[in-house]
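The following comprises the amino acid sequence and a computationally predicted model.
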Amino acid sequence: MTKPTNPKTFHVKSFGCQMNVYDGERMAELMAAQGLSATDDVNVADLVVLNTCHIREKATEKVYSDIGRLRKHGNDPMIAVAGCVAQAEGVEIAHRAKVDIVVGPQAYHNLPDLVAKASRGELGLDTDMPVLSKFGALPARRKVGPTAFLTVQEGCDKFCTYCVVPYTRGAEISRTWDALVDEAKALVDAGAKEITLLGQNVNAWNDGDRDLGALIRELDRIPGLARIRYTTSHPNDMTDGLIDAHRDVEKLMPFLHLPVQAGNDRILKAMNRSHSRDSYLRILDRVRAARPDIALSGDFIVGFPRETEAEFADTLSLIDAVGYAQAFSFKYSPRPGTPAADMHGQVAPEVMDDRLQRLQAALNRDQAAFNAATVGRSCQVLIERKGKLPGQMLGKSPWLQSIHLITDAKVGDLVDVEIVSAGPNSLAGVERVRAAT
C-alpha cells in the first residue's frame with residue numbers, strides 16, 4: 001500500500017474496447033464532481049485510474065507493467081485498478097501489485113467512497129455486480145465533444161468458449177428506454193452531434209417489445225442529433241426491426257460492425273457461436289438489401305484450438321466473399337477460466353503468426369479497395385479535431401473512415417466534402433458547401 005493521501009488531481013487511462021472508453025469518461029466525471037482536477041500527465045497525478053481490459057493476455061500484463069512504471073517513475077500516486085481485470089482477479093491484484101483500489105466495471109460508481117477509504121490507508125475493494133445501479137448514481141453528463149458514447153446494454157449471455165466477458169461484466173442487462181432517451185438528449189444539449197450506442201451485445205438491447213431499431217427511431221427525433229451509430233453487435237440479435245432501421249433512418253450511419261470470428265462451421269460450433277457461416281452471410285445480404293452503401297466490419301480470431309489449415313482457409317474465403325471495409329483480427333489468446341483454455345489441440349504460436357499475417361493481408365487489401373472506391377464520392381464529414389498541418393481538420397465519413405481536409409470549419413461542424421484521394425487508413429477530401437450546424 002502507498003502512504004495515505006487525499007488526492008487533488010487524477011488521470012484515467014482506459015484499455016480495450018469503446019465501452020471501457022465510456023466507463024473511463026464516466027469515472028472522470030465522478031472524480032471531477034468530487035472536486036478533483038484532471039491532468040493529462042500521468043506522472044504528476046495524485047490518483048491514477050487504470051481502466052482495464054481482460055480480453056487478451058497481453059492487455060492484462062500491460063496493466064501490471066504500467067503499475068510497475070508508476071511505482072518506479074511516477075509521483076507515488078494512489079493507484080486504482082478498475083474494469084475487467086479488477087473484476088476477474090479481485091483482491092489478488094492488491095497482493096500482486098500493491099495497488100490502493102480495486103473496482104469492477106459494475107461498481108465504479110462507488111469510486112469516490114473507495115478513494116476515501118484508500119486515503120485512510122485501507123484497501124478500497126468493490127467487485128460486486130449490482131443490476132445497473134451505477135447508472136443512477138453517476139453524475140449528469142457535462143460538456144462533451146462532437147461525438148459521444150452512450151452505453152445502452154451491458155453483459156453477455158452468449159458464453160463463447162474463448163471469452164471472459166460473461167464472467168467480468170455479468171449477464172445481459174438493458175437500461176431503460178426513458179433513461180437512455182434522457183441521457184441522449186443531455187448529450188446533445190452538451191454538444192454531441194453524433195452518438196454511438198454501446199453494449200457488449202448492443203443489439204441485444206430491448207425494453208419489452210421494443211428493440212434497438214425502435215430506440216434508434218426514437219433518438220432520430222432528437223433535434224440537433226445528426227448521426228447515430230452502434231457497436232458491438234452479435235449476429236444472433238440482428239432483428240428485422242434493426243435491419244429496417246438501416247433502411248429508414250437517415251441519421252443511422254451506413255456502417256455495421258458484426259463480428260463473425262471464423263468462417264468454418266466446426267470452429268464456430270467449438271466457439272459456441274450461435275450462427276453458422278451461411279446464416280451470417282444471409283444476415284449481411286439482408287442488411288445490404290436494406291442499405292446498399294453500408295460498410296461492413298468484423299472481428300476474427302485465428303488459431304482457435306484444433307483449427308486446421310483447411311478450416312482457416314474457410315475464414316479467408318469468407319473474407320473474400322464479404323469484402324470488409326475494415327476489421328479487427330487477433331491470435332487466439334487462452335483466458336483462464338474459459339472452456340477453450342482447457343481444450344486439446346492448442347495451435348502453435350508460429351502457426352498462429354503465419355495465419356494472422358495472411359488474414360490481415362486479405363483484410364488490408366479489402367480495406368484499401370473500399371477506400372479507393374469512395375474516391376470521387378461526396379459526403380458529409382463531422383469535424384472532430386485539428387490536424388497536424390495549418391488549417392487541417394480531421395473527421396469521420398458516414399462509413400467511419402478518417403478524412404483530413406483544409407478548411408476553416410470548427411470542431412463539431414458538418415462539412416460537405418468530395419473525397420479526392422485514399423490511402424490504406426485515411427482519406428483526403430476537399431470542402432464543398434458548408435452544411436448547416
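Looks like it arrived, so ask away. Residues are numbered from 1 along each chain as shown.

Would you mark the buried spots in the host helix or strand of residue 79?
In this assignment (DSSP states H and E), residue 79 forms part of strand 78-83. Using 16 or more other C-beta atoms under 10 Å as the test for burial, strand 78-83 gives 78-83. (Glycine included, C-beta is placed from N, CA and C.)

Repeat that for stretch 34-53.
By 16+ other C-beta under 10 Å, the buried positions in stretch 34-53 come out as 36, 39, 42, 45-53.

Make CSV from those residues and add distance to residue 211 and pLDDT to it.
Converted to CSV, the buried residues of stretch 34-53 look like this (distance: C-beta to C-beta, whole Å; pLDDT from 0 to 100):
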residue, distance to residue 211, pLDDT
36, 39, 93
39, 42, 94
42, 41, 90
45, 42, 92
46, 45, 93
47, 40, 94
48, 40, 94
49, 34, 94
50, 35, 93
51, 30, 90
52, 31, 85
53, 28, 80
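
Just the CA atoms from stretch 287-297 would do, formatted as CSV, please.
Taking Å, rounded to 0.1, in the frame of the first residue of the first chain, the C-alpha atoms of stretch 287-297 are listed here in CSV:
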residue,chain,number,x,y,z
VAL,A,287,-28.5,-5.7,-44.4
ARG,A,288,-27.1,-4.8,-47.8
ALA,A,289,-30.6,-5.1,-49.3
ALA,A,290,-31.8,-2.6,-46.7
ARG,A,291,-28.8,-0.2,-47.1
PRO,A,292,-26.8,-0.9,-50.3
ASP,A,293,-24.0,1.5,-49.4
ILE,A,294,-23.3,0.1,-46.0
ALA,A,295,-19.7,-0.5,-44.9
LEU,A,296,-19.1,-3.8,-43.1
SER,A,297,-16.7,-4.5,-40.3
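
Distance to residue 278 added to the buried residues of strand 78-83, as TSV?
Below are the buried residues of strand 78-83 laid out as TSV (distance: C-beta to C-beta, whole Å):
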residue	distance to residue 278
78	53
79	49
80	46
81	43
82	41
83	36
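
returning to that earlier point: following the strand holding residue 79, which helix or strand comes up?
Following strand 78-83 in sequence order, the next helix or strand is helix 84-89 (DSSP H and E).

Could you point out the helix or strand that follows that following helix?
Note on helix 84-89: by DSSP H and E, the next helix or strand toward the C-terminus is helix 91-97.

Buried residues in that following helix, which are they?
In terms of neighbour count (16+ other C-beta under 10 Å), helix 91-97 has its buried residues at 93-94, 97.

Tell me the one of the residues you listed nearest residue 339?
residue 93 (24.2 Å; C-beta to C-beta).

who does the helix or strand where residue 71 lies touch, helix- and strand-wise?
Residue 71 is part of helix 57-73 when elements are defined by DSSP H and E. Under the contact definition 3 or more C-beta pairs under 8 Å, 6 or more residues apart in numbering; DSSP states H and E, helix 57-73 sits against strand 47-52, strand 78-83, helix 84-89, helix 91-97.
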